[in-house]
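> need a structure here:
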Amino acid sequence: MNGRRWRAGAVAITSAIVSGLALTLAAAAIADDIKVPTDPVAKAAFDVLEKSCARCHQEGRLTARERPAKNFGFVLKLDALAANPNYILPGNPYGSKLFKQIVDKEMPYDVMYEGAAEPTPSADDIKALETWIQSLGTQSASACEGRKFVSNKDMIATMAADLEKLPKTRAAGTRYLTLTHLKNSCTDDAAMKVYRQGAIKLVNSLTRSSNVVRLETIEPEQTIIRININDLGWDERDWDNVLSVYPYNTQPETQLTGVLAKATGTPMPYARADWFAFSASRPPIYNALLRLPRSFQALARDQGVDVEGDIRNFLAQRAGFQKSGVSQNNRLIERHASRGGYFWTSYDFASNQGEKSLFEFPLGPGGPNGFRHDGGETIFSLPNGFQAYYLNNARGEPLDKGPTNIVRDLTRKDLAVTNGVSCMGCHDQGMRKAKDDVRDSVLAGKSFPKDVREAVAGLYPPHETMDRLIEDDAKRFADAMVRAGLDPTLKLNGIEMINALSKRYEDDVDGKIAATEFGLTKEEFAKASAEADKKFKPFLRRLEQGIVPRDQFEVVFRNLSEELTDDEIVEIAGVPDRPVAVRPTPVADLALFSDRDSYRQGDTPIFTVIAPRDCFLTLTDVDQRGVGTVLFPNRFQQDNRIRAGVAVQLPGDSASFKYRMKDRGIETVIAVCTERDNGVDGIRHDFSRSAFTEVENYTNAVARSIAVEAAGPGGSMPIPPRPIADPSARTSYRTAIRVEVR
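Numbering: from 1, shown residues only. As a prediction, the model looks like this:
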């Protein structure tokens, strides 16, 4: 019989994901923890963020999503927000990522990317946010000013003392994951707890051993975590292979480094836990440490699973549904018993049509009347009770990332489901509840032949049976976490603990964070920067005046470390047949810096701009009254096209114009680069009347520009959603710096 005739009369479409009561109560508790500010400036900003951003970015107040978009879930916690340079640069609205994304029409997320029928921020809203960020001035977090700074030498001394206490048989396999730099940079205790647990959760997720590694720290501050590679089933080559691509492989000159190397057999038995969480939670390091096979078929054999045999003998248990939290189309999940406990795999589809519809072809995969899937994701239990993950295409070939037309992870920058880290974020407490739609659809009538109905009845169990299987498997995972000393429900602002630690690493870097990552106090960093070779000045200036993307900071770290500190580079050779190079997702951005931080009246400043791609540059100076002066383009240099990666100095050495500082106060210099030369922020030039274009109220001009673009044909419709794409496809870039005129 032709499969296309197997239609059920009515298909009930239900959500495949059901949140538990515990999660709901936890979310409510988090929401109650949000403090509404009493200061009118902060309250006005809070109201804007609550209206426009909380539904996507505040744990406890999310709407139509289970996890915060882009792994950002604390938008209403203004104190934490203001202290995080990845989102807010105090006193510099147009340099702050949160403000920039609203001004550049990248937020609200659900409106711009998902087509939600929500209003965009108004001119008053934008002004309220600008005023709040301006009011923060140059304030810095004071919560850790009384903390003792722990230098790199102190950290090594602590590890050496710990090794001395261990039996020699244990010392050889001992390694350390450090969070010291995060504590030094004023990370609060609640976040530090999540990061500690995230590091140990990941370690336990990377072992084929039946041992559960418990969380152990070696000093009162709990910033150095001890692990042992023998407990994980790793050998020295595994560790050295990971460390061979470690970008922070520098250490101070001290005899104690020799003690560490002699006791452990490796020149560097420690690594930063945040870098490890980022690198080891995704391919290729993830695949290498778990020894993942080169095909889904080999993985099933390795786990003692006969997928086809289990389906044929009705040992496999299935649930199919039209919509899930990650798939773009209908999806089928399937459970098999394995030698490690359980083996769940999914069948994912590029569409819902024809043989890709589970509701027309509930059997298969393949065969005369079976469905034709496009890929799958597998979750299997490790011997210690934790979980491992595998992505593959329809042929069973492994994938590092799933195609975004099939599955998406809205917490990732590139929206791609990435093997390991994406699965950890979604399955933070193990297997998730799923409600099958296929069984009732097929068995409701006689649209399908009897043998098909019988097969569906055997493969798709009743809801209560599937619930029991999922609950048992989730309990196995939760029990393993408890044995490791972890809280299975612990999150950071709604973000799973490994993802939280990984994101902390991915965040942009400012001068304060950079200092701690070099093992320097802010005073030591400032002094070393002032004395640095002039070739490093542009990069150091960027750190002082704003933020630098993590991938760019990685590239220069070793050279800067040699310049700013007495630390030495430690080279560790990897294993040639197991390459594990991994880098943060490149986030190309616009760079702007001046030749000085402060000027006197009458000084002639010079600005440098570096664009990630060819674009048209507009450079505007905005004074404390909000009045803007467009510095570039101008009557003397009207061609404002600049080339990617080329440092553009304004004014140039041969320019026929100069900029001159006129009034005392704080000036904000804003750079905007666009793919098309069609005007920026509502600015219109008329160089026949004036050499430099004046903007009476810069923020109002920006707000009016947004309002015009957001209006549809009738003048009231929100801006149409842009297609979800790689962030590198952005068509505009914005950044800003603040300079003082004395």
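> nearest residue to Val407 other than its sequence neighbours?
Closest residue to Val407 apart from its sequence neighbours, by Cβ to Cβ, 6 or more residues apart in numbering: Val417 at 4.6 Å. Using the backbone N, CA and C atoms, a C-beta is placed for each residue, glycine as well.
> continuing past the lengthiest helix in the chain, what's the next helix or strand?
If you go by DSSP state H, the chain has its longest helix at helix 463-483. Proceeding C-terminally, helix 463-483 gives way to strand 491-492 as the next helix or strand, assigned by DSSP states H and E.
> partner strands of that next one, parallel or antiparallel?
strand 495-496 (antiparallel) (DSSP bridges).
> Which parts of the longest helix of the chain count as buried, going by neighbours?
Residues of helix 463-483 classed as buried: Met466, Asp467, Leu469, Ile470, Asp473, Ala474, Arg476, Phe477, Ala478, Ala480, Met481, Arg483 (neighbour count, 16 or more other Cβ atoms under 10 Å).
> Mind giving me the packing neighbours of the helix or strand harbouring Glu334?
Under the assignment given by DSSP H and E, the secondary-structure element containing Glu334 is strand 331-338. Contact analysis of strand 331-338 by 3 or more Cβ pairs under 8 Å, 6 or more residues apart in numbering; DSSP states H and E lists helix 307-312, strand 317-321, strand 341-348 as its packing neighbours.
> Can you give the contact residues for the helix or strand just after the longest one?
On the C-terminal side of strand 341-348, the closest following helix or strand by DSSP H and E is strand 375-381. Contact with strand 375-381 is made by 296, 299, 303, 338, 340-348, 387-394, 399, 402-403, 406-407, 417, 423, 427, 431, 473, 476-477, as judged by Cβ atoms under 8 Å, 6 or more residues apart in numbering.
> go again using 6 Å as the cut-off
Residues from elsewhere that reach strand 375-381, judged by Cβ atoms under 6 Å, 6 or more residues apart in numbering: 303, 340-348, 387-394, 406.
> Rounded mean pLDDT for it, please.
For strand 375-381, the mean pLDDT works out to 96.
> Pull up the pairing partners for it, direction included.
In its sheet, strand 375-381 lies beside strand 341-348 (antiparallel), strand 387-393 (antiparallel), with partners assigned from DSSP bridges.
> Break this protein into its domains for me.
Partitioning the chain according to automatic domain parsing yields domains covering residues 21-135, 152-280+497-569, 289-461, 591-741.
> closest one to Asp487 among those?
When the domains of the chain are compared by Cβ to Cβ, domain 152-280+497-569 sits nearest Asp487, at 6.7 Å.
> separation between Arg453 and Ser422?
With distances taken as Cβ to Cβ, to the nearest Å, Arg453 is found 36 Å from Ser422.
> and if you look at Ala532?
As for Ala532, its distance to Ser422 is 39 Å (criterion: Cβ to Cβ).
> and for stretch 65-85, what are the contacting residues?
By Cβ under 6 Å, 6+ apart, the list of residues contacting stretch 65-85 from outside reads 34, 42, 49, 53-54, 56-59, 87-88, 109, 136, 141, 410-411, 493-495, 499, 503, 510, 547.
> repeat that with 7 Å
Residues outside stretch 65-85 that contact it (Cβ atoms under 7 Å, 6 or more residues apart in numbering): 17, 19, 34, 37, 42, 46, 49-50, 53-54, 56-59, 62, 87-88, 90, 109, 136, 141, 325, 410-411, 425, 493-495, 499, 503, 508, 510, 547.
> Just the ones of those residues in strands?
The members of those that map onto strands under DSSP state E are Ile495.
> Any stretches of this protein with poor pLDDT?
Screening the chain residue by residue with the criterion pLDDT under 70, one finds the ranges 1-32, 113, 115, 138-145, 325, 574-588, 705-730.
> Can you tell me the centre-most residue of it?
Most central residue of the chain, judged by C-alpha distance to the mean C-alpha position with Cα atoms, centre = their mean, is Lys503 at 4.3 Å.
> Nearest residue to it in space, please, no chain neighbours.
Asn71 (4.9 Å).
> give me the number of residues near that neighbour?
Residues within reach of Asn71, counting by other Cβ atoms under 10 Å, total 23.
> ok, it to Gly494 distance?
9 Å.
> picking that back up, what subset of the contacts of stretch 65-85 is buried?
A residue is treated as buried here by neighbour count (16+ other Cβ under 10 Å); on that basis the buried members of the contacts of stretch 65-85 are 17, 34, 37, 42, 46, 49-50, 53-54, 56-59, 62, 87-88, 90, 109, 136, 141, 325, 410-411, 425, 493-495, 499, 503, 508, 510, 547.
> So which of those belong to helices?
Residues of the buried ones among the contacts of stretch 65-85 located in helices (DSSP H): Ala42, Phe46, Leu49, Glu50, Ala54, Cys56, His57, Tyr109, Gly425, Asn499, Lys503.
> Most widely separated two among these?
By the measure Cβ to Cβ, Ala42 and Gly425 form the most distant pair in these, at 30.9 Å.
> which ones are touching the closest residue to Asp235 other than its chain neighbours?
Residue nearest to Asp235 in three dimensions, not counting chain neighbours: Ile229, with 6.9 Å by Cβ to Cβ, 6+ apart. The contact partners of Ile229, by Cβ under 7 Å, 6+ apart, come to Gly173, Arg175, Asp235, Asp238, Trp239.
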